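Engineer: Here is my input, please return the structure:
(chains A, B and C)
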Amino acid sequence: MTMHPRAADFPQSDLPGVIPHESELTAGVRIEPGRSYGFFTDTTVCIGCKACEVACKEWNNLPADNLGLTGHSYDNTGALSANTWRHVAFVETSGCGGVRDTVEAPFQSGWLMMSDVCKHCHNAPCLEACPTGALFKTEFDTVVVQQDICNGCGYCVPACPFGVVDVSPVDGKAHKCTLCYDRLKGGLEPACAKACPTDSIQFGELSVLQARAEERVAVLHERGVPGAYLYGTPGAPGATGDLGHLNAFFLLTARPEVYNLPAAPTRPANRVAPSLASGLAAVAGLAVAAAFLLGASDRRRS
Amino acid sequence: MPVREGVVTIVQESRFQLVGDDGSAHLFILGRNAAGEADQLAPLQRRQARVRVEYARTRNLIGFVAEKISVCGESGR
Amino acid sequence: MTTQYPVLTEGPEPGLPRPDRASGAVAPSPGPAWDGPTYYGRAQLKPAPFENAVVGGYIFLAGLSGSSAILAAIAQATRGEEAGPLVRRARYTALLAPTLGSALLIYDLHTPSRFYTMLRVAKATSPMSIGTWILMGFSGCAILTAAAQFAGDRGVAPRAAGVVARLAGWPAAVLGAGLSTYTASLLAATSTPLWAAAPRALAVRFGASSMAAGAAALALAETDAPTRRRLETLTAAALAVELAGDAAAALAYRRTGVAPATRGRAGRVERFGAVGLGVVLPLGLYAARHWRDRAGRPEDGRALSVAAGLAVLAGSALLRVAVMGAGDDSAARPDVSFRFSQPDNLPPGL
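Structural biologist: Numbers count the residues shown, from 1 in each chain, chains lettered A, B, ... in the order given. Modelled structure (predicted):
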């Protein structure tokens, strides 16, 4: 990646303040309200360093949770939760029965690593489910929980098809990745993407990222990785069932389930009308039956 | 209930960092039953006020639950 | 790529009472739904953080109140003064959801002091928002109806009170129909596999179970034998509809591959408690009572009727709690959620 020309304006180590539109220098994109931003996570270059997890916790002042070891390869984070908004999944593809191979074929990696995050869905089920309006779409087309409104009803938790949103039992509010809403407003790239040392996590404008991802898939196919595909771009797995597209999408090389992702999630709000209509029809039918039963002239009495 | 005094240095939503006189920093989360709302935290950080936090321990989490925050020299808030 | 990993049976530490679901790896129960890879057997979805007994209890009370309001309006319209005691009891029963039900809902919030933020928006995509407004409207109408009934009974402007009760009773009945069924769409409009697998059948089950519970509760308190018979016939009809809904749901569970989630404890409660005790047993008891009536011994049947009514009420409550529990099981099991989220389960056209 070439240096941004404006980077030469800031040679000193000690800066007086935040560089205006810093994201131009770090991610090559200017952050402006009204446009769609997201993450492209290219799992083929993820090295599993968990810098994204740490950067996220540092910036958002999130406590370490889920203490202890899981025994699941190097994944001791486990899953996304109220206090963990980036989660690196580790899958060992060599060996079997959970026993790692002692030798590795030359130049081959036996690892699949993926930094999971809130997908910031286009038709976000959590947002559609939220009865308080605490979840909203920001001016950057991301999905954020407003902590001063959330009352901890927890309905967004089962609504999420990816198991991302979580209610914290400590403060009683729902939490999830905000795509660093505060940083975006200040012209900064989200913390995880900025910290990623291999550019596995790329932040940018959605259309640009999607085009870049298509190119990357083509390159990988050419280089002999026929299994590479996108998860969460329009029409691809993960963006099924009327979810539209995912603003945080992924390049994967194995089945989605391997990374703990659903192959074909759906939009829960589409089930409201059929369910409500059938229930009301059943009750209406029984109400008519009740009218006939209660209203029929009483033969026994007369 | 244990108490810790210090200066609020970072505030994010309902989470804040308190730096004590010995320079040690601790992460606190405003409890669900705490007296006070999260939007009262940011002014404390801006003022760099000395606060007294009554807190409880948490399970499976490196952080404390703040139950009551009072600005030193003032009565409870 | 298709390496099978051993399934984790214990997390790093035992779960919390309201578990921090990040550590919520579970041991799948018998009957794998998905034989492909999972991520160390970890849950792919997060189960709803509801207290099942509390929210299930609310759903039961909402159904009972909603159908009571419907029956009050219908009895008033078709029988008039003759059904006075029945209408009075039904109007008072309808107060369960606005009072106890609302309290249960607020109790289940993780930040109960902010319950009022539910009232700042109205959203058609969120059954919980729809339900909030249905409950608000229903509460207003049901309380007005019951207050007018109370005033009329105490002789305070009886004619005006009767008119008010009748006028407020109709919107209460219409909203009561919503109150009895929106809870099913609240569960169906989630990503929890078991709830999402059969949105229509679940709503029919909840709606019919509500009607059965309302009619059974009113029949239990009814002193006029012919009216009681009619209410019991209505209960039996509602139970038959519920049974059809149960069968449709079971078929949908099998077709979409979520059936293994119903083989746990909650699923057993649903089968034996909700369907066995709550539907099949009362249907049998009502049939036995009917047979005794035919045999000319109507008074023998009273005990059967009471037993049947109590079984219907218990089954209706168990249905809601068990469906919620089985849904949590389905969300915690990656084999079930992965099977459900396969492309063959996508709605047509999407």
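
Engineer: Please count neighbours and contacts with C-alpha atoms only from this point.
Structural biologist: Noted.

Engineer: how about the helices of chain B, start to end?
Structural biologist: B:41-47 (DSSP state H).

Engineer: Residues in a beta bridge with the residue nearest the centre of it, which ones?
Structural biologist: In chain B, the residue lying closest to the centroid (Cα atoms, centre = their mean) is B:V53, at 5.1 Å. Partner residues in beta bridges with B:V53, using DSSP bridges, are B:R4, B:I69.

Engineer: is it true that it touches B:A66?
Structural biologist: Yes: in this structure B:V53 lies within contact range of B:A66 using Cα atoms under 8 Å: 6.3 Å.

Engineer: Please report the confidence value the model assigns to the residue lying farthest from the centre of chain B.
Structural biologist: No residue in chain B sits farther from the centre than B:N60, which is 19.3 Å out by Cα atoms, centre = their mean. The per-residue pLDDT reported for B:N60 equals 84.

Engineer: Over to A:E257?
Structural biologist: Reading off the confidence values, A:E257 has pLDDT 91.

Engineer: ok, how many other residues are close to it?
Structural biologist: When neighbours are counted by other Cα atoms under 10 Å in any protein chain shown, A:E257 registers 21.

Engineer: Now do the SS call for it.
Structural biologist: helix (DSSP: H, G, I helix; E, B strand; the rest coil).

Engineer: Quickly note the distance from it to C:S341.
Structural biologist: 10 Å (Cα to Cα, to the nearest Å).

Engineer: what sits in contact with each of those two?
Structural biologist: Between them, A:E257 and C:S341 share these contacting residues under Cα atoms under 8 Å, 6 or more residues apart in numbering or on different chains: A:A263.

Engineer: Just the CA atoms of stretch A:35-55, as PDB, please.
Structural biologist: Output in PDB follows, covering the C-alpha atoms of stretch A:35-55 (Å, rounded to 0.1, in the frame of the first residue of the first chain):
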ATOM      1  CA  ARG A  35     -22.600   6.900   3.000                       C
ATOM      2  CA  SER A  36     -22.400   3.200   3.800                       C
ATOM      3  CA  TYR A  37     -19.400   1.900   5.700                       C
ATOM      4  CA  GLY A  38     -18.500  -1.600   6.700                       C
ATOM      5  CA  PHE A  39     -15.800  -4.200   7.200                       C
ATOM      6  CA  PHE A  40     -14.400  -6.600   4.700                       C
ATOM      7  CA  THR A  41     -12.700  -9.400   6.700                       C
ATOM      8  CA  ASP A  42     -10.400 -11.500   4.500                       C
ATOM      9  CA  THR A  43      -9.900 -14.600   6.500                       C
ATOM     10  CA  THR A  44      -7.200 -15.900   4.200                       C
ATOM     11  CA  VAL A  45      -4.700 -13.400   5.600                       C
ATOM     12  CA  CYS A  46      -5.800 -13.500   9.200                       C
ATOM     13  CA  ILE A  47      -2.900 -14.700  11.400                       C
ATOM     14  CA  GLY A  48      -5.000 -15.000  14.600                       C
ATOM     15  CA  CYS A  49      -3.100 -12.400  16.500                       C
ATOM     16  CA  LYS A  50      -6.200 -11.100  18.200                       C
ATOM     17  CA  ALA A  51      -5.000  -7.500  17.900                       C
ATOM     18  CA  CYS A  52      -8.500  -6.600  16.800                       C
ATOM     19  CA  GLU A  53     -10.000  -8.100  20.000                       C
ATOM     20  CA  VAL A  54      -7.500  -6.100  22.100                       C
ATOM     21  CA  ALA A  55      -7.900  -2.900  20.200                       C
END
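
Engineer: can you give me how far it is from the chain middle?
Structural biologist: 11 Å (Cα atoms, centre = their mean, to the nearest Å).

Engineer: Same question for it: list its buried residues.
Structural biologist: The neighbour-count check on stretch A:35-55 (16 or more other Cα atoms under 10 Å in any protein chain shown) flags A:36-48, A:50-55 as buried.

Engineer: residue in the stretch 201-302 of chain A nearest to chain B?
Structural biologist: Proximity of the stretch 201-302 of chain A to chain B (Cα to the nearest Cα) peaks at A:F203, 21.7 Å away.

Engineer: Apart from its neighbours in sequence, what residue is nearest that residue?
Structural biologist: Excluding its sequence neighbours, the residue lying closest to A:F203 (Cα to Cα, 6 or more residues apart in numbering or on different chains) is A:F39, at 4.7 Å.

Engineer: what pLDDT does the one you found get?
Structural biologist: 96.

Engineer: For C:A221, see how far away it is.
Structural biologist: In terms of Cα to Cα, A:F39 sits 62 Å off from C:A221.

Engineer: Name the residues of stretch C:289-301 that come out as buried.
Structural biologist: C:R289, C:H290, C:G301.

Engineer: actually stretch C:64-81, sorry about that
Structural biologist: C:64-79.

Engineer: still on that earlier bit, which members of the buried residues of stretch C:289-301 occur in strands, if any?
Structural biologist: Using DSSP state E, the subset of the buried residues of stretch C:289-301 located in strands is empty.

Engineer: Now flag whichever of those residues is closest to chain A.
Structural biologist: Taking Cα to the nearest Cα as the measure, chain A lies nearest C:H290 of the buried residues of stretch C:289-301, at 14.9 Å.
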